[in-house]
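Asker: Let's see this in three dimensions:
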Amino acid sequence: MGSQHGGLRKLPWAFTEHGALMAATVLKSPRAVQMSLFIVRAFVQMREALLTDSIIFKRLAQIDKKTRYA
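Answerer: Residues are numbered from 1 along each chain as shown. This next block holds a predicted model:
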C-alpha cells in the first residue's frame, strides 16, 4: 500500500536557494528576511566554490594527461 498522492510526503531536510527566496517573500519579519538572504548568499558562495574547484580539477587532469604520456 502506498500513498495516493504519488509518493511519500515528508518534510524537507534542507532549503533550496529558491525556497529560501520564497520564504523571504511569505515570511515578512525582519529576522526571516535576514535568514533567507543569508541562505541565498551561502548558495552563491557554494556555487562559486564548486565552479572554481571544477576548473582546477579539469586543469589538473590536463596536466596529468600530458605528464603521463610525455
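Asker: From residue 65, how far out is residue 29?
Answerer: To residue 65, residue 29 is 54 Å away according to CB to CB, to the nearest Å. In this view, the C-beta of every residue, glycine as well, is placed from N, C-alpha and C.
Asker: host element of residue 62?
Answerer: helix 30-68 (DSSP states H and E).
Asker: center of the protein - which residue?
Answerer: The centroid of the chain falls nearest to residue 43 when counting by CA atoms, centre = their mean (5.2 Å).
Asker: show me the contacts for that one.
Answerer: Each residue near residue 43 by CB atoms under 8 Å, 6 or more residues apart in numbering is listed here: 17, 20.
Asker: Repeat the analysis, applying 7 Å as the threshold.
Answerer: Contacts for residue 43 (CB atoms under 7 Å, 6 or more residues apart in numbering) come out as residue 17.
Asker: list the buried ones in the helix holding residue 62?
Answerer: For helix 30-68, burial by neighbour count (16 or more other CB atoms under 10 Å) applies to 35, 36, 39, 40.
Asker: So among those, where is pLDDT lowest?
Answerer: The lowest pLDDT within the buried residues of helix 30-68 belongs to residue 36, which sits at 78.
Asker: I'd guessed it sits against residue 26; true?
Answerer: No. Here residue 36 lies out of contact with residue 26, judged by CB atoms under 7 Å, at a distance of 9.6 Å.
Asker: Show me what the worst-scoring helix or strand of the chain on mean pLDDT is packed against.
Answerer: None of the helices or strands of the chain scores lower by mean pLDDT, DSSP states H and E than helix 17-26, at a mean of 75. Contact analysis of helix 17-26 by 3 or more CB pairs under 7 Å, 6 or more residues apart in numbering; DSSP states H and E lists helix 30-68 as its packing neighbours.
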